[in-house]
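Undergrad: sequence and predicted structure are below.
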Amino acid sequence: MTLEKLKDFHRRRLQVVAEAKPDLIAFETTPNKIEAQAYVDLLREEAIDVPVWITFNSKDGVNVVSGDPFEECIGLAASCPSVVAVGINCTPPRFIHGLILNAKKVTTKPIIIYPNSGEMWDGEKKEWVPSTGVSDTDFVSYVHKWRESGASLIGGCCRTTPKTIRAISEALKRR
């Protein structure tokens with residue numbers, strides 16, 4: 001996929017969303033640097049005046065799922081004035097701490113994290129593999145470390161539940 005094709009794919013969608021005047025536009029689960037470049041270019045070209053955040057997902061705690069270096073992707077996203085925050089989503093909890101530290105090396109913008117439950121997705125069967133994630137208790141045990149490392153907003157993505165989010169909120173209120 002070329003940069004121009006990605007921009008063509010996203011341009012009208014971004015225009016429609018921006019015309020609706022939302023409080024924020026979230027580009028989530030960005031798989032690679034070229035897609036982030038398309039977003040950044042479109043935000044500039046279309047003069048989008050809505051705040052944006054861009055999050056990436058990581059396959060190994062160092063790179064985004066395409067293999068592009070996470071730090072480079074975060075740096076690119078953070079370079080855009082319309083981008084008010086950057087971060088990580090749909091990534092196993094065990095990788096989040098290191099990714100926060102790596103993001104802090106290249107940006108001073110707020111860092112958003114909303115990991116998945118850590119469960120594995122079986123792409124062939126198109127289903128979640130049972131018993132491969134972390135419990136709500138284990139998930140929440142990471143929250144204070146993430147906050148202390150620099151996460152500004154903490155939530156949950158795939159396979160987390162309202163119970164998980166409630167537990168995150170309670171843990172942060174206690175501290």
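TA: Okay, I see it.
Undergrad: how near is Thr160 to Ala167?
TA: Separation of Thr160 from Ala167 (C-beta to C-beta, to the nearest Å) stands at 10 Å. To be clear about C-beta, it is placed using only N, CA and C from the backbone, and glycine gets the same treatment.
Undergrad: anything in contact with each of the two?
TA: Phe139 (C-beta atoms under 8 Å, 6 or more residues apart in numbering).
Undergrad: next, count neighbours for the closest residue to Tyr114 other than its chain neighbours.
TA: Nearest non-adjacent residue to Tyr114, counting by C-beta to C-beta, 6 or more residues apart in numbering: Gly155, 3.7 Å away. For Gly155, the count of nearby residues is 16 (other C-beta atoms under 10 Å).
Undergrad: kindly report the same for Thr30.
TA: 23.
Undergrad: cool, Ser117 as well?
TA: Ser117, neighbours per other C-beta under 10 Å, totals 22.
Undergrad: check Leu101 too.
TA: Counted with other C-beta under 10 Å, residues neighbouring Leu101 total 12.
Undergrad: next: Gln15.
TA: Quick note: Gln15 (other C-beta under 10 Å) scores 13 neighbours.
Undergrad: sec struct for it, please.
TA: Put simply, Gln15 is helix when judged by DSSP: H, G, I helix; E, B strand; the rest coil.
Undergrad: on that earlier part again, between Thr160 and Ala167, who's got more neighbours?
TA: With neighbours defined as other C-beta under 10 Å, Thr160 and Ala167 compare such that Thr160 has more, 23 against 19.
Undergrad: in space, what's closest to the more buried one - neighbours in sequence excluded?
TA: The shortest distance from Thr160 to any residue other than its chain neighbours is 5.4 Å, reached at Ser117 (C-beta to C-beta, 6+ apart).
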